[in-house]
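**Student:** fold the following for me, if possible:
(2 chains)
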There are 2 protein chains.
Amino acid sequence: MLRLSTADKDFEARFTRMVSDRRESATDVAKTVTDILREIRARGDEALAEYTARFDRYTLASDADWRIAPEDCRAAYDALDPGLRDALELAAARIRAYHVDQLPRDRDFTDAQGVRLGAKWRAVDAAGLYVPGGRAAYPSSLLMNAIPAKVAGVERLVVTTPTPDGQVNPLVLAAAHIAGVDEIWRVGGAQAVAALAYGTARIRPVDVITGPGRDYVAEAKRQLYGVVGIDMVAGPSEILVIADGRNDPDWIAADLLSQAEHDPTSQSILITDDAGFANQVEDRVDVQCAMLSTKVAARKSWDDYGAIITVGDLAEAPRLANALAAEHVEIATDDPEALFADIRHAGSVFLGRFTPEAVGDYVAGPNHVLPTGRRARFASGLSVLDFMKRTSFIALDENALRAIGPAAVALAEAEGLPAHARSVQERLK
Amino acid sequence: MLRLSTADKDFEARFTRMVSDRRESATDVAKTVTDILREIRARGDEALAEYTARFDRYTLASDADWRIAPEDCRAAYDALDPGLRDALELAAARIRAYHVDQLPRDRDFTDAQGVRLGAKWRAVDAAGLYVPGGRAAYPSSLLMNAIPAKVAGVERLVVTTPTPDGQVNPLVLAAAHIAGVDEIWRVGGAQAVAALAYGTARIRPVDVITGPGRDYVAEAKRQLYGVVGIDMVAGPSEILVIADGRNDPDWIAADLLSQAEHDPTSQSILITDDAGFANQVEDRVDVQCAMLSTKVAARKSWDDYGAIITVGDLAEAPRLANALAAEHVEIATDDPEALFADIRHAGSVFLGRFTPEAVGDYVAGPNHVLPTGRRARFASGLSVLDFMKRTSFIALDENALRAIGPAAVALAEAEGLPAHARSVQERLK
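**Tutor:** Numbering: from 1, shown residues only, chains lettered A, B, ... in the order given. Sure thing, here's the model as predicted:
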């Protein structure tokens, strides 16, 4: 864990080093992924079954082997503990409401020159959602990806998920039932992403692929960008907590650990103007961490990437926050708005002492798929827009063409494109 | 040129083959680009100068060699023919107005559970715009990329453009003056894209890179996706004209040629319900083409990729249009709305007999940077959103946390994330 203070003489250099520190795996998987994509494209289901046997030790033979049936999802839902079912339903309802409110409006207007202009938003026909197997198979993640797609109006929502040794996660199936997923295929890795993008005899291609995945899955999405639409490539996640000394150190310690427990490469950072409070939080992190079932990951994340930065005044925090452009930013002060106004780059911001980041992971409503690794400088969280596209339109009558057409002719001629000019001139003869 | 009719027995097979035909260059430039990116990252300006000397035969030594000064842009603007200057200003004003109207609205509301939710849109700090040298250096393209960035609120807008043998395009400089570009660097190719993404001693890094470019530039953007934001990878462009027999064949022929003249790999397709009209258009294409200064490209594009599809009823056209998902779709009928309602996938649609696609290239207002190569299935034209990002926010008070917090605890425990649960529980003690 790194302790910094803006009062240190070498602060800027050390802070800059921390900001530019790359926590992402440097494994070069590009070549392997290229090979897998080529195989799936050339040999389809046959190659898919081979990779699945090799990587997931799972045999794809009969139709039943390939897919998880809607009835299985329904059964998993019915078998849920009622409290958990209610929690999933509450989460789904709140996520749905937030994303419905996010739907973009079409535009259609006629301007002073009599030119009618506008734009229509439409959902993509089909979306693919990658759901990891194993530890990272989270029902909340399925809801956060699937619900925006369905709210956008996607008619065919396809999940691929690896089932190593045949194991499935009943919570994920229950979430798929709630979200209205249309197909679930028991394949994973780069091969699943390739199947979604290119299509195979069994799996029809989709238009957009979203969902978490490290290394091979992320590289496959990157290589297929352009063949399909993809969401932002995601790296290890991070939280920045900006807190004054009037917080309960146990609350803030829990918030820092809630990020650290995700993965050893997660990052938790506290900025405070109270060095004594910083010490208390540091102590409480140690005490709480020891009690967690996730302590191995949490400890390593905190030791390797955790940081506490002491500032002379919290007004210095937004500048540091903008440089970090963190996925999650908590502002635990009495007047969080004052600092939020100066924060330009953040995935999601949690305002006030009673807004732990974890509510955003599950039930608040906004999406928990957020830009990581400083990508909040240019990227946004997942939204209905990731599953939609816009068609602009233009309509001129003869008068409107007479008003603006000659300028188009002048520009087309200047650019050396005579047929462009002619297409306007023919109509103005 | 391909003639098809939906009445042909083998129509579906031939149409499907046409749709899946890839017109994009298959040159494998990935390895070369990877090397260039690594060199720029490691050696910065020194490597940039080496590549520029090699590829552009241009020496970067003094400060004046590296940059084009704002005064040079101003001078190019002042030296313009007044008619052309007015045309550029009209185009800029109309593009600006359309994109201002496109600015997204922030959200901020409190729901029934007392949870305050919302989202704030902000511009990225800096954007880089790639402007090709040579034939494809279009002032209209500069306006279409630069104006949305400035409307979005981007404070630092950086252009890179190769100047082979030292040559600059005064029209592009004039357009840069109008659009308010902040910096112009005389570098191009994958090395320019790398400099924009990583930054060098001279060129500070940007957050988003847009702008046209084939092969090396497109591959560089793809490889840097995630380090920066990028616009959609673009391929050769295309037009689909849906026209009944009551059009002037000269108008429609000019429209088809206006796409074909861009590049030998452009594609122009006519769908009509009138075989006699189709023959007339085919004749007029031949006659007009012979008169064009761009006839070499136009002829090759039309011969290799042009198509005329005859349908029994224009009501069949939207299904074909959706499969083609073309960049540009013209609907030249009396009631274009009727067909437009069924077109789900298109970059931009031009409604009615007096709306040639060329007005959209220059002066209508909507962006002419549009998804090509069937990417309109999932992608949109360039917009202010490409230069902005959204930060969601959540604010709970104690009562709101009591209302929805327990569901977050239940889900966190089910997902095996005890610190997540604890961060809520500590506050509800």
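**Student:** C-alpha from now on. contacts and neighbour counts both.
**Tutor:** OK.
**Student:** list the helices and strands the strand or helix carrying A:Ala421 packs on?
**Tutor:** Under the criterion of DSSP states H and E, A:Ala421 resides in helix A:418-428. Using 3 or more CA pairs under 8 Å, 6 or more residues apart in numbering or on different chains; DSSP states H and E, the elements in contact with helix A:418-428 are helix A:398-414, helix B:249-260, helix B:357-362.
**Student:** now tabulate those in a markdown table and tack on mean pLDDT and mean neighbour count.
**Tutor:** Converted to a markdown table, these look like this (pLDDT from 0 to 100; neighbours: other CA atoms under 10 Å in any protein chain shown):
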| stretch | mean pLDDT | mean neighbour count |
| --- | --- | --- |
| helix A:398-414 | 97 | 21 |
| helix B:249-260 | 98 | 27 |
| helix B:357-362 | 98 | 26 |
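**Student:** rebuild the ones you listed as TSV, extending it with distance to B:Val158.
**Tutor:** Below are those laid out as TSV (distance: least, CA to CA, whole Å):
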stretch	distance to B:Val158
helix A:398-414	24
helix B:249-260	29
helix B:357-362	22
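**Student:** looking at these, which is nearest to A:Val172?
**Tutor:** Proximity to A:Val172, assessed across the helices and strands packed on helix A:418-428 by CA to CA, is greatest for helix B:357-362 (46.7 Å).
**Student:** where's A:Asp81 relative to chain B, distance?
**Tutor:** 10 Å (CA to the nearest CA, to the nearest Å).
**Student:** any idea how far B:Arg402 is from that residue?
**Tutor:** 21 Å (CA to CA, to the nearest Å).
**Student:** just the buried residues of stretch A:139-146, please?
**Tutor:** A:Pro139, A:Ser140, A:Ser141, A:Leu142, A:Leu143, A:Met144, A:Asn145, A:Ala146 (16 or more other CA atoms under 10 Å in any protein chain shown).
**Student:** nearest to A:Phe354, of those residues?
**Tutor:** Proximity of the buried residues of stretch A:139-146 to A:Phe354, judged by CA to CA, is greatest for A:Ser140, which lies at 21.3 Å.
**Student:** I'd say the closest one and A:Val359 touch.
**Tutor:** No: with contact defined as CA atoms under 8 Å, A:Ser140 does not reach A:Val359; the gap is 11.4 Å.
**Student:** around chain B, pick out the residues from the stretch 1-150 of chain A.
**Tutor:** A:83-84, A:86-88, A:90-91, A:115, A:117, A:122, A:124-125, A:138-140 (CA under 8 Å from any CA of the partner chain).
**Student:** try it again with 7 Å
**Tutor:** A:Leu84, A:Ala87, A:Arg122, A:Val124, A:Tyr138 (CA under 7 Å from any CA of the partner chain).
**Student:** can you pull out the helices in the stretch 251-400 of chain A?
**Tutor:** A:275-291, A:295-305, A:317-324, A:336-340, A:357-362, A:398-414 (DSSP state H, counting those that start in this stretch).
**Student:** output the shortest one as PDB, restricted to C-alpha atoms.
**Tutor:** So the one you mean is helix A:336-340. Below are the C-alpha coordinates for helix A:336-340, written out as PDB (Å, rounded to 0.1, in the frame of the first residue of the first chain):
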ATOM      1  CA  PRO A 336     -20.400  16.200  -2.100                       C
ATOM      2  CA  GLU A 337     -21.800  18.400  -4.900                       C
ATOM      3  CA  ALA A 338     -19.100  21.000  -4.400                       C
ATOM      4  CA  LEU A 339     -16.400  18.500  -5.300                       C
ATOM      5  CA  PHE A 340     -18.500  16.600  -7.900                       C
END
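**Student:** check whether that helix comes near chain B.
**Tutor:** No: shown here: helix A:336-340 not in contact with chain B (CA under 7 Å from any CA), separated by at least 9.5 Å.
**Student:** okay, now the unreliable bits of chain A?
**Tutor:** Applying pLDDT under 70 to chain A picks out residues A:24-27, A:134-136.
**Student:** same for the lengthiest helix in it, what does it pack against?
**Tutor:** The longest helix of chain A (DSSP state H) is helix A:30-56. Counting contacts by 3 or more CA pairs under 7 Å, 6 or more residues apart in numbering or on different chains; DSSP states H and E, helix A:30-56 packs against helix A:189-198, helix A:216-224.
**Student:** the helices and strands packed on helix A:418-428: which one's closest to A:Tyr58?
**Tutor:** helix B:249-260 (50.5 Å).
**Student:** now for that closest one, which elements pack on it?
**Tutor:** helix A:418-428, strand B:267-272, helix B:275-291, helix B:295-305.
**Student:** again, only using 10 Å
**Tutor:** helix A:418-428, strand B:238-243, strand B:267-272, helix B:275-291, helix B:295-305, strand B:328-332, helix B:357-362 (3 or more CA pairs under 10 Å, 6 or more residues apart in numbering or on different chains; DSSP states H and E).
**Student:** that one to helix B:275-291, inter-axis angle?
**Tutor:** Per axes from the mean of the first three to the mean of the last three CA atoms, to 10 degrees, the angle that helix B:249-260 makes with helix B:275-291 is 60 degrees.
**Student:** mind exporting the C-alpha coordinates of helix B:249-260 to CSV?
**Tutor:** Extracted in CSV, the C-alpha atoms of helix B:249-260 (Å, rounded to 0.1, in the frame of the first residue of the first chain):
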residue,chain,number,x,y,z
PRO,B,249,-32.8,8.5,-65.4
ASP,B,250,-30.2,11.2,-65.6
TRP,B,251,-30.7,12.2,-62.0
ILE,B,252,-30.4,8.6,-60.7
ALA,B,253,-27.4,7.9,-62.9
ALA,B,254,-25.7,10.9,-61.5
ASP,B,255,-26.4,9.7,-58.0
LEU,B,256,-25.0,6.3,-58.6
LEU,B,257,-21.9,7.8,-60.2
SER,B,258,-21.5,10.2,-57.3
GLN,B,259,-20.7,7.2,-55.1
ALA,B,260,-18.7,5.3,-57.7
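**Student:** so which strand or helix has A:Ala93?
**Tutor:** Applying DSSP H and E, one finds A:Ala93 within helix A:82-100.
**Student:** again, but for A:Gly118
**Tutor:** Short version, using DSSP H and E: A:Gly118 is in strand A:116-123.
**Student:** and the next helix or strand after that strand, which strands flank it?
**Tutor:** Reading on from strand A:116-123 to the C-terminus, the next helix or strand found by DSSP H and E is strand A:126-130. The strands beside strand A:126-130 in its sheet (DSSP bridges) come out as strand A:156-160 (parallel), strand A:208-210 (parallel).
**Student:** hmm, who's touching the shortest one?
**Tutor:** Same thing as strand A:208-210. A:124-131, A:145-146, A:149, A:157-159, A:193, A:196-197, A:218, A:221, A:224-233, A:369, A:382, A:386-388, B:377-379 (CA atoms under 10 Å, 6 or more residues apart in numbering or on different chains).
**Student:** show me the contacts for the nearest residue to A:Gln425 once chain neighbours are set aside.
**Tutor:** Nearest residue to A:Gln425 in three dimensions, chain neighbours excluded: A:Val409, at 7.3 Å (CA to CA, 6 or more residues apart in numbering or on different chains). With contact taken as CA under 10 Å, 6+ apart, A:Val409 is in contact with A:415, A:417-425, B:84, B:87, B:358-359, B:362-363.
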